[in-house]
Structure formats: C-alpha cells, structure tokens
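Engineer: show me how the following folds:
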Amino acid sequence: MKILIVGAGEVGFNIAARLVEEGHDVVIVERDETMLARATEHLDVQGLRGHGARPKVLEEAGIATADMLVAVTDLDEVNMVACLSAAILGNKKIIKIARVRDPGYTDSRIFNDPRVGIDLAINPERETADKILTLLDYPDATEVVDFAGGRVQLVGLRVRRNSPLAGLRFLDMPERFARRVLIAAVHRGHEVIIPRGDDQILPDDELYLVVPRGQAIDLLGALGAPVEPTTRVMIAGGSRLARFVAADLVARGLSPKIIEPDARRARWMSEKLEGALVLHGNPTDAVVLREENVGEMQVFIAASQVEETNVMAALLAQRLGARRVIATVNRMDYQPLARAIGVDVCISPRMAAVSSILHFIRRGRVVASRTLGEEQSAEAFEFEADPASEVVDVPMRDLRLPRGSLIACILREDEVIVPAGDSVIHAGDHVVVVATKQAIGKVEAFLARRVRRVPRG
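Structural biologist: A predicted model of the protein is given here:
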C-alpha cells in the first residue's frame, strides 16, 4: 500500500517505522525540518516539508494514488482538515485516519456522518485511560489484550523474585501447576521471546499468558499474584488522561484521590469531578503523599503532562508503600529505564495510538492485532483460517511455523482451544498467533500460502 503520514512526531515516526518494515510505500509530510530530517535519515521513507492540511501539499505528496492517509500531528484541526482534503482529492477507496485528542470534536453526530470523511478517529488519552482501567480489573497484570470479542485474553504478568514461577523451565510447568498454563511470549529486557520447552523463567520477566474469558483472576491467583479488587486509587496530575481515568472510576462507584500542583486547575477539577477528592499539592513531595496516606493505596497512577514528574512520583509512591504504581511515559527511551528502576507499569499514550492505528490498518482475514512490549517488538494477531490455507487440517506438530512465532489458541464457535501437538485448525476457525517483530512478515507469508486440493472422485 501507498500510505501518506501527516506528522513526523513520535506517533508518526513509529507508525512509519512499522509500515516500512512490512513493505509499504510511505510518504511523510511534516512542517518541522528537524523532525522530517530525523524520519528520512532513519527510515526508508519519502519526505515532504509542508503543511499537511493544504491541498497543494497533499497533491505533491501523491494523495491521488494513495491507499491511506494517517494524520497524526499535535493539532486536531490539522488532522481533521487533512482527512477532509484527502476525501476530496484522493481516490474513493482511500482510508483516512485522524488523531483527535479533544473530546469536544468526537461528537457522534459529526464523526458518524459519511460526509466528514474520517474512517477512524484516535484519541490517545482515551485509549490509554481505557487500558489503565482494564489493568485495575486485573491486579498485578501489566497488560490485558482481548481477542475474539473478549472470549480469550492475553494477560501480561511480571515475575517477582518470590514468585513460584521464578527459575522454572517451561517444560516443568505441568508438574508444578494443576491447570494448564500457556505462555505465548516472554518480554525480557529489550526483546520479546517466543519460549521453548527448555527455556527458563527469570525474575523480572514479563510473561504473556493465554487465558479464556472469565479465568484470568483465578489463573493469576494460582500463579501467586494478588487478586484483591482495586478500590483505593490515587492519581497524580490533572491532565486530560487523568480526568478520563478519574471520571470512569467515579462512575464505578469509587472515590479516587487526585493530587494536582496547579491551584486553579485543582479547583476546576473539584467542580467537574463530583465524587473524586481533588487536592492541591505536589505529587513528588513526600510530605504531601504521606499526609494523604499513599501507603494505603492499592494503585498509584502518575498521569501528569510531565514524564519526569510521573516517573519520580511513581517511584516515591512505591517507596512510601503504594502496592502498585503506573506511570504514563511517552518517550520510548524512558520506558525501559522506568521499568528497570521499579515502576510496575509504564504506558505511553502515543504508543497506544500507534497500536490502535496498526490494528485498524490490518485488513483481509486478519481480524485483530495488537503490538506487545515497550518497543513494539512483537505482535499478537487473530486471523480467520482460509479453507485453502496450508495451515488447515494439519496437526500442530507438523506445522512448520517460522521461528519466533507461536499459535496461542484456536477459537472454534464457542470453544477456546489451547493447542497441543495433535490439535488441528479447521477452515473458518479464528486463530491467535504471537510473533516477534522479525518474524511477522514471514508468518503473514506463511499464512497466505495456499494448497491446491484435488477434488475426490
């Protein structure tokens, strides 16, 4: 596909990097010369300096022959106008995606009208808030990804030093645990590993477990993770993301504490968030946190607009006794550092937008996809088995999947099958595959291979 990306910031850069790896033809339009140079020097893309909402710029970038426009600048208005221009100047089938952060723009009466010309509007803060709220439902989970409409989940779990998992080889797990546990991937350091039987689980590994719907809490409990429902939450910062999280917690009947250093914003939030306790104070001040009993909190969420403040506030809250700390961090190089020094979960709103856009871009028999790992170094995707595919009607033990990939589960009508060696994929089954970034292209090619079946008789 030929894809035009308007905006070469963190979101645009990372989307372009993934699309180039998958063989797409990418053109980036960016006004800032330094950001455009970074993209063209590090990625195999074409670059055009200019205002991405202007018709002449889009025409020069090749909008007439483009299959997709992804507008992800920091200005909602530019992104929306770019999509409107593409709808008029591009071909009739062009897909248009816009990053729209202001909820005031996402009125369903506007975005559901086909005349608007936007196929997908992504709000990174809303996406991230939903992700945080999902994590609160699963104590100790670092990631929860739904597939097959929620019938199966991929649940991330950090291995603590005192965990019963630490030191085990994967092939020894059936002897240790009464129930079958399928670990589809291991996030270790900067890479995601597809495990083999003689691999060992190490402290600080992040495991991705395949769990049928409704079984996640029981499985986490069986693996030594706490399963107490989350009721005591403190939020640092008054960002739009923090307000999304707080409002949803209030809707659940909880009363989160919010610490906001700006007095005017704190007053405004206290008026808007009835049911939440909004306090004026510095979330990196130990005295303030102690006075507000941060040590009694089950979860501390650092969601201010300043990344460094989020990391420091999360670490301080953890030291003062908060059981679990979550920090929002956009810079890719900060995330592994924050994890290494003790932050339980790091979430990037920008990377949440990247993941959602890549999910939407997937088409054909790929039903859903989600990137895994802080550096988007693996992907889990759900596909529908084509009757003519080579993977159909072949026992798992005989499938020669590309190295770095794993079939995590098979979904057949209402049944969730954790595959064994004699398991077989039938035509029409939905199959969840996990693959490292290096293997994704090979897996897609493998799944696309067709076998010519000779009719009987």
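Engineer: which stretches of the stretch 351-457 of the chain have low pLDDT?
Structural biologist: 362-368, 373-376, 450-457 (pLDDT under 70).
Engineer: now the strands for it?
Structural biologist: 366-372, 378-384, 405-412, 415-417, 430-436 (DSSP state E, counting those that start in this stretch).
Engineer: ok, the stretch 1-150 of the chain next?
Structural biologist: Using DSSP E, counting those that start in this stretch, strands in the stretch 1-150 of the chain cover 2-6, 25-30, 46-49, 68-71, 95-99, 120-122, 141-147.
Engineer: what's the most buried one of the ones you listed?
Structural biologist: strand 68-71 (a mean of 28; mean count of other Cβ atoms under 10 Å). The way it works is simple: take the backbone N, C-alpha and C, and place the C-beta from them, glycine included.
Engineer: tell me the mean pLDDT for it?
Structural biologist: What strand 68-71 shows for mean pLDDT is 94.
Engineer: what pairs with that strand, parallel or antiparallel?
Structural biologist: Paired neighbours of strand 68-71 in the sheet (DSSP bridges): strand 2-6 (parallel), strand 95-99 (parallel).
Engineer: to residue 30, which of these lies closest?
Structural biologist: strand 2-6 (7.7 Å; Cβ to Cβ).
Engineer: let's have the strands of the stretch 1-150 of the chain in a markdown table, adding distance to residue 78.
Structural biologist: A markdown table is the format used below for those (distance: least, Cβ to Cβ, whole Å):
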| stretch | distance to residue 78 |
| --- | --- |
| strand 2-6 | 7 |
| strand 25-30 | 10 |
| strand 46-49 | 15 |
| strand 68-71 | 7 |
| strand 95-99 | 9 |
| strand 120-122 | 14 |
| strand 141-147 | 31 |
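Engineer: and the ones you listed: which comes nearest residue 296?
Structural biologist: strand 141-147 (21.3 Å).
Engineer: the closest one packs against which elements?
Structural biologist: Under the contact criterion of 3 or more Cβ pairs under 8 Å, 6 or more residues apart in numbering; DSSP states H and E, strand 141-147 touches helix 124-137, strand 152-158, strand 206-212, helix 216-222, strand 366-372, strand 378-384.
Engineer: export these to JSON lines and append columns for distance to residue 397.
Structural biologist: JSON lines is the format used below for these (distance: least, Cβ to Cβ, whole Å):
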{"stretch": "helix 124-137", "distance to residue 397": "35"}
{"stretch": "strand 152-158", "distance to residue 397": "22"}
{"stretch": "strand 206-212", "distance to residue 397": "19"}
{"stretch": "helix 216-222", "distance to residue 397": "26"}
{"stretch": "strand 366-372", "distance to residue 397": "25"}
{"stretch": "strand 378-384", "distance to residue 397": "20"}
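Engineer: least reliable of those going by mean pLDDT?
Structural biologist: Among those, strand 366-372 scores lowest, with a mean of 71.
Engineer: wait, what's in contact with residue 407?
Structural biologist: By Cβ atoms under 8 Å, 6 or more residues apart in numbering, the contact list for residue 407 reads 396, 399, 401, 419, 425, 431-433.
Engineer: partners of it in the sheet?
Structural biologist: When assigned by DSSP bridges, residue 407 has beta-bridge partners residue 433.
Engineer: residue 54 and residue 6: what is the separation?
Structural biologist: 10 Å (Cβ to Cβ, to the nearest Å).
Engineer: then residue 75?
Structural biologist: Counting by Cβ to Cβ, the gap from residue 75 to residue 6 is 10 Å.
Engineer: what bridges to residue 99?
Structural biologist: With DSSP bridges as the rule, residue 99 is bridged to residue 122.
Engineer: what does the pLDDT read for it?
Structural biologist: Confidence score, pLDDT, at residue 99: 92.
Engineer: can you tell me what sits against stretch 314-321?
Structural biologist: 234, 236, 283-284, 286, 289-290, 294-297, 300, 302, 325-327, 338, 341-344.
Engineer: if anything else comes up later, I'll come back, but that's it for now.
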